[in-house]
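> I need the structure of the sequence given here:
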Amino acid sequence: MISQGQENADNQRSILKVLETDRLILRWLSTDDAEFILELLNEPSFLRFIGDKGVRTLEDARDYVLNGPVDMYNRLGFGLYLTELKDGGVPIGICGLIRRDALEDVDIGFAFLPRFWAKGYAYESASAVMAYGKSAFGLKRIVAVTMPDNHSSIKVLEKLGFKFEQMVRLSLGAPEIKLFAHDENVQRQKGGQ
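Got it, this is the predicted structure:
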């Protein structure tokens, strides 16, 4: 028997759903996801490859969700989405589109808990997000940024068709990171030659 609370949680998740793949559901983040966000943002791999967002408490995690993804949904219609397993609704990571002041183009970002690495989830979710960005928002060019030594993410980006373009800094004094781009116009030109 399903409890009323579980039914409400399932209904809430379905209202927030943006994308569905064979194995995953991508949905808007809400403050109900604070516990998961707290865990993900404090993973050593997240801190090393993405950076310290200063999220140390559940309240910090709620603020992160509201001031980051939820604000971006309201302003732009897209943002980072919670990525969960279709089977059981287990949250495994985040994947989505981000609009950063420091970049000319919208970029794709993803991060997963290490126990869900090497299972194809990053590729599966990022492929769906890219297709969604193109169809729903008309994005012809999507970029991605990563630390130079984040070989796993670079491998996923290359599999998705991204090409390295240049080293960039997201802010003054920030470390140099790699900028990759997936440009539909460039790929169409190469395919037509």
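> okay, CA-based contacts and neighbour counts for the rest of this
OK.
> Average pLDDT for stretch 17-34, rounded please.
In this model, stretch 17-34 carries a mean pLDDT of 97.
> for stretch 80-95, same thing?
Stretch 80-95 comes out at a mean pLDDT of 97.
> Distance from that stretch to the middle of the chain?
From the chain centre to the centre of stretch 80-95 is a distance of 11 Å (CA atoms, centre = their mean, to the nearest Å).
> Other residues contacting it?
Stretch 80-95 has contacts (CA atoms under 8 Å, 6 or more residues apart in numbering) with 22-29, 36, 40, 69, 96-98, 108-113, 116, 122, 125-126, 129.
> From those, which land in helices?
Cross-referencing the contacts of stretch 80-95 against helices under DSSP state H gives 36, 40, 122, 125, 126, 129.
> Out of the residues you listed, who's the most crowded?
Within the ones in helices among the contacts of stretch 80-95, neighbour counts (other CA atoms under 10 Å) peak at residue 125, which reaches 26 neighbours.
> Leaving out sequence neighbours, find the closest residue to that residue.
Closest residue to residue 125 apart from its sequence neighbours, by CA to CA, 6 or more residues apart in numbering: residue 95 at 6.6 Å.
> ditto for residue 45
Excluding the flanking residues, the one nearest residue 45 by CA to CA, 6+ apart is residue 114, at 7.8 Å.
> ranges for the helices of the protein?
With DSSP H as the criterion, the chain has helices at 4-16, 34-41, 44-49, 58-65, 71-76, 121-137, 151-159, 184-192.
> Kind regards, and thank you for your time.
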